[in-house]
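A.B. asks: Below: sequence and its predicted model.
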Amino acid sequence: MIRVDYFEGARIALRSLGANRLRTLLTTGGIAVGVATLLAIVGIIQGLNASFDRQLATMGTNSLYVAKRKFGAGQDEWQEARTRKDVTTEQLQAVRAECTYCSAVAPNLWFQGDVSFLGSTITAVQLIGTTEEYIDVSSYRMAKGRFLTYADDADQKSVVVLAADIAESLFPSSDPIGATVRIDEHPFRVVGTLEKRGKFMDANWDKAVVIPLRTLRQYWGAGKSLVLIVGVDSAANMDRAVDQLTGIMRRARKTPADRPDDFAINRPDQLLDLYNKLTSGLYKVIVGIGLITLIVGGIGIMNIMLVSVRERTREIGIRRALGARRRTIILQFLMEAAAVSGVGGAIGTATGLSAAKIISMITPLAADVQVLTAVYGVLFAAAVGLIFGIWPAARAANLDPVEALRYE
Amino acid sequence: MLISLQGITRHFVVGGETVKALQGVSFTVEKGEWVAIIGQSGSGKSTLMNVLGCLDTPTAGSYSLNGHDVQRLDDDALATIRNREIGFIFQTFQLLPRETALSNVELPLVYRGLRPRERRERARRALDQVQLSNRTHHRPNELSGGQRQRVAIARALVTEPSLLLADEPTGNLDSATGEEIIRLFEQLHQAGHTICLVTHEPKLAARCPRAIRLSDGLIVADGPGREVALGEAPARVAS
C-alpha cells in the first residue's frame, strides 16, 4: 500500500506539473536562482580561501619573520610599536651567531623605485635589500645566473637580481645577464633572474628587484627597521625556535626583564588567523543573503502549492471519496514540491557553478566550488521544497471531503 | 442486513447557531434493495447521504455497514470503507477532467493497491457494463452528459462495492438521457446491487421499490416508492 502511495503520488505530481508548465517553470526558476546565488557565493568564498592559502605559501613554510611589530596588528599595538627601537644589523648578527634551530637568517629592507632599461621604465618596483641567505629562506627560486653573494654586500656592489615580471618586461627577447639597468638613475649590473613566485595580498613578489642590503642603504639611506627572515631547520622546531629567538632578541635589544617584548616574531600562520578573523563575519553575512534568496524561492513554492491545492480542491474531494487516505494526498503534494525544488536545485547548481567560473574569469576573484558543496546545494533545495510544501500539503489532506466535493 | 442506522443525529454549528440537519434517523436496508431517499431541500437528505457514504460522521447514533461499526473507525479506516464498500455516483459526475475515461474508472483501484495491468482490465470490464467500451480514451470534455454519468457509474461499479450511493444522478441530464441512466439503475438492481438514491424528483422515486421521505431531519414516511413519493396511499410513519 505504501508503495502505491509513492508511485501514485509521483505520477500525479508529474502530471500536475506538466499541466501547468509556465507556473512550474517560474517556480523552478525561483529555486534555481536561490541555489545558483548561494553556490556562486560559496564558490567565490572557497576560491578566495584557496587563493589565500596559495599566497600564504609564498611566505615560505618554515619561515619566521622577526620584526619591530606584529603582522596584522591592531591600531593600539601599531601606535605602541612606532616608539620601539629598530631591528638592526647588530641584532641580525646576534641571531646568526646564537640561534641553533635556524638554518639561515636573511635581513630584509624595502624601498620603492623605478627600474629602467633602454628607454623602458617600470615604476613603483619593490627594491629588496638583503643578503646571500635570502634565496634559502624565501620561496624565490633562481631562473638564470646567480644570486647575491657575501662579497656583493660587503663591497656594496651595484648588482641586481631581477624578479620574473621585471626580467620579462625589460628583456622580452634578449638575455638580461650582464646588462646594466638603472634603478632610480643608479646603474646596476644584472647577475641573475628569479622564477615566478606569485602574489601576497596586493604585493606582487614578481614585480621586485633584489640588491645587496648595504648597497641599498648607501643609495636610499639607512631607512627603517629591518625584518629578519629566519629559516627554521624543521617544522617540528618552530615553537622552540620562537622561544630561542625571543631570548636572543631580548638580550640583543637590552629589553628590561620587567618589560614585555618590544619586537615580534611573526609566523605566516598568524596571518591565516587574521585572515579568518577579518573574513569569517563577512562570509557569514553574504552566505546569509544567499540563503534568504533561497528562502524567497521556497516561499514561491509555498505560494504556488497553496494555489494548486485551492484549484484542485474538488479533485482532492473526489480522491478522498474514492478511498485516498490523508497520507496519499500529502505525498502527492509533497512530491510536487520536491520535484519542483529538486529540478530547480539541479538547474541552480549548474548555473551557480558556471557563474562562479565566469566570475573568476572576468574578475580578479578566484572561484573554486567543491563537489560536496554542489551536492549540499541540491539537497538543500529539496529540503526547502519539502519544508515549504508541508503546510500546503497538510491543508490539502485535511480538507473535509464533503466540502471539497461541493467546491466550485 | 447491509445497512443499519440507529438514532443518527448530525448537528452543525454555523455562525454560533446549531443547525440540526438530522434529528434521530433510524432504518435498515437489506442486501439487494433499491431505496430512494426523498425530501425537500434542507430536509437533511444530503447530510444523510454523506453519513451513509462515510464522508461525514454523525454527531450521535450508530451506523453499521456490511458488518463494520462505522462510527468507531478512524480516518484511514473510513477511507478504506469508502474504497471497498461504497460506489459513489454524483449529480455533477465528479470525474477528473485531465484523465481519460479509463483512468477515471481505474482510480479507486489505484487506492486499493492493485497492479496497473489488473486495474486496466477491470476498468475495461466496468466500462463494458455501461456500454462505453468505445470511449475508453476520451476525456470527460469529449463525452456527452449521459456518457460522463455512465463513466461515473462504471467507476462506482469497478470496485464491486456492497452499496451504490447515487446523489441526484439525473439532475444534470435531459429527460431522455436521464431515462437511460434510470434504466441502467434498474438493470443494476436486477443484477443484485444494493442502491441508495437521493432525489427530490417524486417521479424518479416512484419507480423505486422503496422510498424514505425526510423532512426537517426526521423520517416522515417509509414504504413502497409509489406510495411515499406520490402520496397515493397513507404512508407508514417510522416509529
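C.D. replies: Cool, the structure landed.

A.B. asks: how deep is whichever residue of chain A sits closest to chain B tucked in, by neighbour count?
C.D. replies: Across chain A, the shortest distance to chain B (CB to the nearest CB) belongs to A:Gly323, at 2.5 Å. All C-beta spots, glycine's among them, are computed from the backbone N, C-alpha and C. In terms of burial, A:Gly323 registers 24 neighbours under the definition other CB atoms under 10 Å in any protein chain shown.

A.B. asks: What sits closest to it if chain neighbours are left out?
C.D. replies: Take A:Gly323 and drop its neighbours on the chain: the residue closest to it by CB to CB, 6 or more residues apart in numbering or on different chains is B:Asn83, 2.5 Å away.

A.B. asks: The strand or helix carrying B:Ala152 - contacts with which helices or strands?
C.D. replies: Using DSSP states H and E, B:Ala152 falls within helix B:145-157. If you count contacts as 3 or more CB pairs under 8 Å, 6 or more residues apart in numbering or on different chains; DSSP states H and E, helix B:145-157 packs onto strand B:86-89, helix B:101-112, helix B:116-129, strand B:163-167, helix B:175-190.

A.B. asks: what angle separates the next helix or strand after the last one from helix B:145-157?
C.D. replies: In other words, helix B:175-190. Later in the chain than helix B:175-190, the nearest helix or strand by DSSP H and E is strand B:195-199. Inter-element angle recorded for strand B:195-199 and helix B:145-157: 140 degrees (by axes from the mean of the first three to the mean of the last three CA atoms, to 10 degrees).

A.B. asks: State the paired neighbours of strand B:195-199 in the sheet, together with their directions.
C.D. replies: strand B:34-38 (parallel), strand B:163-167 (parallel) (DSSP bridges).

A.B. asks: Format those strands as TSV; extra columns: mean pLDDT.
C.D. replies: TSV is the format used below for those (pLDDT from 0 to 100):
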stretch	mean pLDDT
strand B:34-38	95
strand B:163-167	95
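
A.B. asks: Kindly reformat those strands as CSV containing distance to A:Gln156.
C.D. replies: Formatted as CSV, these follow (distance: least, CB to CB, whole Å):
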stretch, distance to A:Gln156
strand B:34-38, 118
strand B:163-167, 111
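
A.B. asks: show me what contacts B:Gln94?
C.D. replies: A:314, A:317-318, A:321, A:405, B:88, B:152 (CB atoms under 8 Å, 6 or more residues apart in numbering or on different chains).

A.B. asks: let's go with 6 Å and repeat that
C.D. replies: A:Ile318 (CB atoms under 6 Å, 6 or more residues apart in numbering or on different chains).

A.B. asks: Name the secondary structure element that contains it.
C.D. replies: B:Gln94 is located outside every helix and strand, with elements delineated by DSSP H and E.

A.B. asks: Give the burial count for B:Ala176, as a bare number.
C.D. replies: For B:Ala176, using other CB under 10 Å, the count is 8.

A.B. asks: Identify the residues contacting the helix holding B:Ala152?
C.D. replies: B:87-89, B:93, B:101, B:104-105, B:126-127, B:130, B:132, B:140, B:164, B:173, B:177, B:180-181.
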